[in-house]
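*Asks:* Quick one, fold the following:
(one chain, ligands or ions: 1)
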Amino acid sequence: MGIALVTGASRGIGRATALQLAGEGYTLAVNYHHNIQAATGVVEAITEQGGRAFAVRADVSDESQVMAMFDAIDRTGEPLIALVNNAGILFQQCTVEELDASRINRVLATNVTGYFLCCREAVKRMSHRHGGPGGAIVNVSSAASRLGAPGEYVDYAASKGAVDTLTTGLALEVAAQGIRVNGVRPGLIYTGMHASGGEPGRVDRVKSALPMQRGGQPEEVAQAIVWLLSEKASYVTGSFLELAGGK
Ligand code: NAP
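*Replies:* This next block holds a predicted model:
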């Protein structure tokens, strides 16, 4: 069938997405940054369910590491047909007046530059213009791009605004080259990410403010990503799915 690369697939939404995509028949490239144990666990879980997967370490904010990751994918001899740009970070909740340049740049390097670099390398391999088989890309954004995350992490929210613009622009740029590009905007999802913001229990604290009055599970986001990558979404590009319980 072909390879699906999921960045940040060792945990959370990326992990759930990798498991579901493997069930659809893709060979999974399970990208991770630090947590080799978790990434190996995802590969083992996929293998145990009869799928195919390999782990590939790369800091997506580092261009040379991204290049090495795509080289490793090329060496398998199987074509890359799907990319899920999912690896994302945020830091301790604070106001804009407390932000410094070093933190802002770290957030943008992973959440924006990392997405651009992976899109670039994927397009080079998928595009009909380069003799590629075509393919599909899903960029994991956030409801924060609409809501702004005031008092928490406006830097993170702004990075997701950039992801949305990347999604729109790239979708139009490669629409005639056999590549579809779409975005998902999760809201409050139960993952370890909230601990990075200093509040592991954040979803349960704020969930009653959501129309659906509950947080989402990583698997619920994964289902939308799998659909957007599939042939069932063959006429969908430049679109965004809100996965935020109605907010
Ligand atoms: P998570 O549980 O914190 O997992 C983050 C993943 O990203 C891990 O696999 C981590 O790898 C990887 N990662 C971090 N920095 C990386 C880098 N520089 N290079 C490569 N991989 C890197 O996060 P999550 O909640 O699943 O979030 C996934 C995506 O959904 C993010 O883009 C996030 O912004 C978005 N999102 C999440 C929520 C939510 O409520 N959770 C809401 C909206 C949007 P290691 O395991 O090796 O550290």
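
*Asks:* and this protein, which of its residues are near the ligand?
*Replies:* Counting by Cβ under 6 Å from any ligand atom, the positions of the chain adjacent to the ligand are 7-8, 10-14, 31-35, 38, 59-61, 86-89, 110, 140, 142, 186, 188-189, 191-193. The C-beta positions use only the backbone N, C-alpha and C, and glycine is treated the same way.

*Asks:* Make a ChimeraX selection of whichever of the residues you listed turn out to be buried.
*Replies:* Listed next is the ChimeraX selection for buried residues among the residues of the chain next to the ligand, using 16 or more other Cβ atoms under 10 Å:
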select :7,8,10,11,12,13,14,31,32,33,38,59,60,61,86,87,88,89,110,140,142,186,188,189,191,193
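
*Asks:* Alpha carbons of the host helix or strand of Asn182, in CSV - could you do that?
*Replies:* Element membership of Asn182 [criterion: DSSP states H and E] is strand 179-186. Output of strand 179-186 as CSV, limited to C-alpha atoms (Å, rounded to 0.1, in the frame of the first residue of the first chain):
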residue,chain,number,x,y,z
ILE,A,179,-1.7,15.7,-3.2
ARG,A,180,-4.5,16.6,-0.8
VAL,A,181,-3.7,18.7,2.3
ASN,A,182,-6.1,19.1,5.2
GLY,A,183,-6.1,20.1,8.8
VAL,A,184,-7.7,18.9,12.1
ARG,A,185,-8.3,21.2,15.0
PRO,A,186,-8.6,19.2,18.3
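
*Asks:* any idea of the mean pLDDT for it?
*Replies:* Averaged over strand 179-186, pLDDT sits at 99.

*Asks:* that older thread, in strands, which of the residues of the chain next to the ligand fall?
*Replies:* Among the residues of the chain next to the ligand, the members found in strands (DSSP state E) are Asn31, Tyr32, Val140, Pro186.
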